[in-house]
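Asks: Sharing a model that was predicted from the sequence below.
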Amino acid sequence: MNQSLSVKHLIGIKDITANDIELIFSTADNFKQIINRPIKKVPSLRDVTIANVFFENSTRTRISFELAERRLSADTLNFSASSSSVKKGETLIDTVSNILAMKVDMIVMRHPSPGACSFLAKHVDSIIVNAGDGTHEHPTQALLDAYSIREKYGEVKGKKVAIVGDILHSRVALSNIFCLQKLGAEVVVCGPPTLIPKHIESLGVKVEYDLMKALAWCDVANMLRIQMERQDIKYFPSLREYTMQYGLNKERLDSLDKQITIMHPGPINRGVEITSDVADSSQSIILDQVENGVAIRMAVLYLLAAKQE
Amino acid sequence: MKKKELFSSQDLEITLDRLCHQLLENHTDFKDTVIIGLQPRGIYLARRLHKKISALTKNKNIPFGELDATFYRDDFRKRQPVLPSAMNMNFIIEDKNVILIDDVLYTGRTIRAGLDALLDFGRPRKVELLVLIDRRFSRHLPIQPDYVGKRIDTRVSQNVKAEWKETDGNDRVWLIMND
């Protein structure tokens, strides 16, 4: 069967179709099998060079992309803003054009400004993969989250997902909302009113301010981290108070009359949004998410690279 | 579009029996031998032969795998992406005799990719190739089959299509003339 993605870049989940997502998932199934073999590598992208351009700190996403690239036999180069000419005043387009002049085929970029990836896609001739742009989107995270739900339940359609925490600053939340809705899941966002964006109902999600009600409703709870680095003003009185209202602990989980699945995009602040005993419990699929991340990113890179020419 | 029948259902049965007995000549009890079909179209032939050989040798434990070589192809980015098929290899082929099975051998490029994919599952003692149809004199690579159902002469414009009971409702092999 010949099939390809409808987009040239992966900027956001908003731009891709449900078919694209299904194609990425079915390709990821193959890659998941490959990364669980003794020899975890295929030669598909051996003539492709990929630059990982990170203007913002990242451990998990960068390692995951890098592993995905290497397991596809691509050549990789890593660039982080802290040790580069960006410090000397170079613009984004200049920085990337210089990398591309050295014959790089794809750019995986993380940037603190929302829209940086779509700006770049308009101005340089390359394939751009968004690894998180400010508070806008983080498409591969949403794909791996939905893929993990699909793996756990067989399908995403009809599932009830609660996204809990700092919705206002979260690119993971926005990408997840788009992705889950495209696949037919229901989404509720839950958090303190100051961290819920105004008019979020216009995306078709429901808002719930009471954690226990959200948990009682959902099949899956995706617990987000409080992004202190993006908060320049106080959105809630103290972390202790946030934890009392919105932290997920064993007592709260056990008081439900059903088993829900717990997800977290990482990094976890243990004891804040989620306690250790919940994060490490059998209901948590946090490490499955990480494993699936590599397979999903392999699928995205493979399908985007395959489109060229 | 004209087409010519290369194998009827009956012919095919006879040829499959012959191929099984040729394999038995060389592998006797299939103790250290594994059978691997190449995705997407070689698996039906491979499943059929595996079943027949299991019955003939009364050995129910001959390892059987389905190998997908999509990620190992040399025409990536040179044509429309092909969606990978499922890989089903639950064993390591270290020091085994491998019988690699595909329906049609044409340029040899699929087999080349298949051999690369195969080596990711260990170092086999020996690999043999079995194909139902060998479109001879059209190889791009130095690859020749060890067991052949039928050798035919074809032109570039022609196609060979094997139909199977499992997917097409009937066992038949066609030569399709596109000119």
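Replies: Received it, and whenever you're ready, just let me know what you need.

Asks: Near chain B, which residues of the stretch 51-200 of chain A? Just list them.
Replies: A:Leu72 (C-beta under 8 Å from any C-beta of the partner chain). Heads up, the C-betas are built off the backbone N, CA and C, glycines and all.

Asks: Looking at the stretch 51-200 of chain A, which residue is nearest chain B?
Replies: Scanning the stretch 51-200 of chain A for proximity to chain B using C-beta to the nearest C-beta identifies A:Leu72 as nearest, at 7.9 Å.

Asks: can you give me the strands for chain B?
Replies: B:2-7, B:33-38, B:64-67, B:97-105, B:126-135, B:147-152, B:158-163, B:172-177 (DSSP state E).

Asks: follow-up on the earlier one: what sits against the residue of the stretch 51-200 of chain A closest to chain B?
Replies: Residues in contact with A:Leu72 (C-beta atoms under 8 Å, 6 or more residues apart in numbering or on different chains) are A:41-42, A:44-45, A:48, A:298, A:301-302, B:71.

Asks: Please report phi then psi for B:Lys96.
Replies: phi -100, psi 160 (degrees, to the nearest 10).

Asks: Pull the distance from the longest helix anywhere in chain B to the chain's centre.
Replies: Looking across chain B with DSSP state H, the single longest helix is helix B:9-27. Chain-centre distance of helix B:9-27: 14 Å, with C-alpha atoms, centre = their mean, to the nearest Å.

Asks: Quick one, which of the strands of chain B gets closest to chain A.
Replies: Taking those one by one with C-beta to the nearest C-beta, strand B:64-67 is closest: 11.6 Å.

Asks: Show the secondary-structure elements that the closest one is packed against.
Replies: Using 3 or more C-beta pairs under 8 Å, 6 or more residues apart in numbering or on different chains; DSSP states H and E as the contact test, the elements touching strand B:64-67 are strand B:33-38, helix B:42-57, helix B:109-119.

Asks: residue ranges with poor pLDDT in chain A?
Replies: For chain A, the stretches flagged by pLDDT under 70 are A:1-2, A:83-85, A:232, A:308-309.

Asks: so where do the strands sit in it?
Replies: Using DSSP E, the strands of chain A run over A:49-54, A:75-80, A:106-111, A:127-133, A:160-164, A:186-190, A:206-208, A:220-223, A:261-263.

Asks: mind giving me the domain split of chain A?
Replies: For chain A, the structural domains run A:13-138+A:290-307, A:139-286, going by automatic domain parsing.

Asks: Quick one: end-to-end distance for the longest one.
Replies: The one in question is domain A:139-286. Terminal residues of domain A:139-286 lie 17 Å apart, using C-alpha to C-alpha, to the nearest Å.

Asks: Repeat that for the shortest one.
Replies: Taking C-alpha to C-alpha, the first and last residues of domain A:13-138+A:290-307 lie 18 Å apart.

Asks: returning to that earlier point: which stretch among the domains of chain A comes nearest B:Val156?
Replies: Across the domains of chain A, B:Val156 has its closest neighbour in domain A:13-138+A:290-307 (25.3 Å, C-beta to C-beta).

Asks: A:Gly154 versus the residue of the stretch 1-150 of chain A found nearest chain B, what's the distance?
Replies: When scored by C-beta to the nearest C-beta, the stretch 1-150 of chain A has A:Val42 as its residue closest to chain B, at 3.7 Å. Using C-beta to C-beta, to the nearest Å, we find A:Val42 at a distance of 27 Å from A:Gly154.

Asks: returning to what we had before: deepest-packed of the helices and strands packed on strand B:64-67, please.
Replies: strand B:33-38 (a mean of 25; mean count of other C-beta atoms under 10 Å in any protein chain shown).

Asks: just the angle between that one and helix B:9-27, please?
Replies: Interaxial angle, strand B:33-38 versus helix B:9-27 (axes from the mean of the first three to the mean of the last three C-alpha atoms, to 10 degrees): 140 degrees.

Asks: Check which helices and strands strand B:33-38 sits against.
Replies: helix B:42-57, strand B:64-67, strand B:97-105, helix B:109-119.

Asks: any chance of the ones you listed in TSV, plus distance to A:Thr194 and mean pLDDT?
Replies: Converted to TSV, the helices and strands packed on strand B:33-38 look like this (distance: least, C-beta to C-beta, whole Å; pLDDT from 0 to 100):
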stretch	distance to A:Thr194	mean pLDDT
helix B:42-57	58	93
strand B:64-67	55	94
strand B:97-105	63	95
helix B:109-119	54	94
